[in-house]
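K.L.:
Got a sequence here, can you model it:
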Amino acid sequence: MLANPQTKYTAFPPVGLKDRTWPNQVISRPPVWMSTDLRDGNQSLFEPMNGEKKLRMFQTLCAIGFKEIEVAFPSASDTDFGFVRKLVDEKLIPEDVTIEVLTQAREHLIRRTMESVRGAKKAIVHVYNATSKPFREVVFNMSREEVREMAVAGVKLVREIAATMPETEIQLEYSPETFTGTELDFALEVCDAVTAAWGATPERKAILNLPTTVELTTPNVYADQIEWMHRHLARRDSVILSLHPHNDRGTAVAAAELGLMAGADRVEGCLFGNGERTGNVDIVTLGLNLYTQGVHPGLDFSDINAVVRTAEHCTQLPVHPRHPYAGDLVFTAFSGSHQDAIKKGFAARNSKGSEAGERWNVPYLPIDPADLGRSYDSVIRVNSQSGKGGVAYLLESDFGVVMPRRMQIEFSSVVQAVADTQGGELSSADIWRIFSDTYVQQGGREPCGAVRVFEQDGGQAIELTVEIDGQERTLRGHGNGPIHAAVQAFASAGIAVEVHGYEERSMASARDDGSAKACAIVEVGVGGRSTYGVGVDENIVKASIQALCSGLRRARSGG
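P.N.:
A predicted model of the protein is given here:
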């Protein structure tokens, strides 16, 4: 039984901002975005990213359009320090991108941090120390004056070292950590002292980052705190006011939106809300919320599936299928009433044509899936929940086939089309026959013929027989594994294939003789089209190649 909260918890006092203006504001332009995926997001992982994943994530963030990226906590580990040096030494930082590094306001950590960015064209050095009363009294046993002087001394040291690095333009960022739990007058005192020590001017602005290190209150209180600081800062014209909302109460997106309305200029967060505890603010959601209101976020999410795949690969964390905008199922309705409304919305839109400037107005869809690179297939094909769930259940329970979420959507539309044509109930055997005809035995035969895999030159080579444009051909390729070798074999025939996903498992035989086979499922991309292929064989290597050929044939045929 929950304890009486009044005896255990103290409600956070309101700011008392009687003449607040933020409720009347509208966000009309995007903030400056700063990604913390490689720092805050990375240090929250079960297994932090290795060098390959860090670089892949960095390059993806640059491609999306982030101009400020916090890449590491260089003083925390040699791995983080080395990654920053790799970016600088190998000139991997685009001209229009500024890297950011984080450090506590301690001399030896600041010196190590500054050394990590030496030689970069431009870098943001983010200094922080905790300022709230619990941290002052319980964690550090320091007075207000000592906390303020710790911040000032750290900033002065950054400025001193920066003077020895004329080749690198250093911009200061300072965070009063635990800002939302700090008395506002003291937060203001520390921030003003910091901007004075840095010598902030309108031409040389400092970033003041006011984080919800732990989300303590409703978002409107955070907005009041931001507006109060926005009004009272001594050098507001020399400051970029930044937000770093965490999600402990599940309201980080709302806090960020209200904080922007309250006068902030900048937002720090992670692509899908990754971060310590419940995470940082979700920049995909925040940015696309702006987009639905007619404000381009300045970030490119036009291929949201690719962003999801990269994030899942690098973090080893799944993006929830119901994640706003990016989830696999957010544009798929299973309710009959939703189906009817969506179909009517599309019909009305198609009857008028998609004229330039026409407002998006399809029921239940707050955004056009096509803007995010999603097809309309799963939207137009609206299945009952039992239909989709039943198909997946029968294939798994009776045949051991476990389909990825996106494949469930793809295949359920095939089953629905058959059910609509035939009428009546489809049995487990019927569903297996449809599955086999669609993916395994297309046109009554396997998608590729003879397959031979062998070791060669420290890797693996492949020779396979396939039908291309009505002619049987033998292709050869070499790679670091059978799938890679097969991709190279198709490349030799002028067919570019991308492998977006691969799964394999043992399954019950469809012949009901008790034997077991290997089932491989491959998600392939060909010419901008992504689809699935399946291979079933007693040999897992052959099953994998059959799956690749199956997906390739389906993508090229539009099936």
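
K.L.:
C-alpha only now, for contacts and for neighbours.
P.N.:
Fine.

K.L.:
Would you map the strands across this structure?
P.N.:
Under the criterion DSSP state E, the chain carries strands at the ranges 32-35, 68-72, 98-104, 122-130, 169-177, 206-212, 239-245, 266-269, 448-456, 459-468, 471-479, 498-508, 516-526, 529-537.

K.L.:
who wins for proximity to Ala3 among those strands?
P.N.:
Comparing those by their distance to Ala3 (Cα to Cα), the top pick is strand 206-212, with 25.7 Å.

K.L.:
pLDDT of the closest one, averaged?
P.N.:
Averaging pLDDT along strand 206-212 gives 98.

K.L.:
same question, stretch 342-349
P.N.:
Averaging the model's pLDDT scores along stretch 342-349 yields 80.

K.L.:
In that stretch, which residues are buried?
P.N.:
By neighbour count, and taking 16 or more other Cα atoms under 10 Å as the criterion, the buried residues in stretch 342-349 are 342-343, 345-346, 349.

K.L.:
How about stretch 314-327?
P.N.:
314-315, 319, 324-327.

K.L.:
One more: stretch 482-501?
P.N.:
Within stretch 482-501, judged by 16+ other Cα under 10 Å, the buried ones are 482-490, 495, 497-499.

K.L.:
mind checking the end-to-end distance for stretch 68-83?
P.N.:
End-to-end distance of stretch 68-83: 16 Å, with Cα to Cα, to the nearest Å as the criterion.

K.L.:
what's the offset of it from the middle of its chain?
P.N.:
20 Å (Cα atoms, centre = their mean, to the nearest Å).

K.L.:
What of stretch 471-489?
P.N.:
Centroid separation for stretch 471-489 versus its chain: 32 Å, with Cα atoms, centre = their mean.

K.L.:
How about Ile161: what's its closest non-neighbour residue?
P.N.:
Using Cα to Cα, 6 or more residues apart in numbering and skipping residues adjacent in sequence, the residue nearest Ile161 is Met114, 7.3 Å away.

K.L.:
The one you found and Glu160 touch, don't they?
P.N.:
No: taking Cα atoms under 8 Å as the definition, Met114 is not a contact partner of Glu160, at 10.6 Å.

K.L.:
Give me the more crowded residue out of the two.
P.N.:
Between Met114 and Glu160, counted using other Cα atoms under 10 Å, Met114 has the larger neighbour count: 22 against 12.

K.L.:
Please tell me how far the more buried one sits from Leu61.
P.N.:
Where Leu61 is concerned, Met114 sits at a distance of 23 Å (Cα to Cα).

K.L.:
Next: Glu169.
P.N.:
Distance of Glu169 to Leu61, given as Cα to Cα: 22 Å.

K.L.:
neighbour count winner among those two?
P.N.:
Neighbours per residue (other Cα under 10 Å) separate Glu169 from Leu61, with Leu61 holding more: 22 against 17.

K.L.:
now stretch 309-328: how far from the chain's centre is it?
P.N.:
Stretch 309-328 sits 6 Å away from the centroid of its parent chain (Cα atoms, centre = their mean).

K.L.:
typo on my end, stretch 274-292
P.N.:
9 Å.

K.L.:
Touching that stretch from outside, list them.
P.N.:
27, 30, 37, 40-45, 244-248, 250, 252-253, 256-257, 268-273, 296-297, 299, 301, 324-325, 366-367 (Cα atoms under 8 Å, 6 or more residues apart in numbering).

K.L.:
List only those of the residues you listed flagged as buried.
P.N.:
For the contacts of stretch 274-292, a burial check counting by 16+ other Cα under 10 Å picks out 30, 37, 40-44, 244-248, 252-253, 256-257, 268-273, 296-297, 299, 301, 324-325, 367.

K.L.:
pLDDT below threshold where in this structure?
P.N.:
Applying pLDDT under 70 to the chain flags residues 333-336, 339, 352-357, 376-390, 393, 423-425, 443-444, 508-516, 559.

K.L.:
if I pick Gly481, what's in contact with it?
P.N.:
Counting by Cα under 8 Å, 6+ apart, the residues that Gly481 touches are 459-461.

K.L.:
one more time with 10 Å, if that's ok
P.N.:
For Gly481, the contact set (Cα atoms under 10 Å, 6 or more residues apart in numbering) comprises 453-455, 459-462, 541.

K.L.:
Next: Pro202.
P.N.:
By Cα under 10 Å, 6+ apart, Pro202 lies in contact with 235-240.
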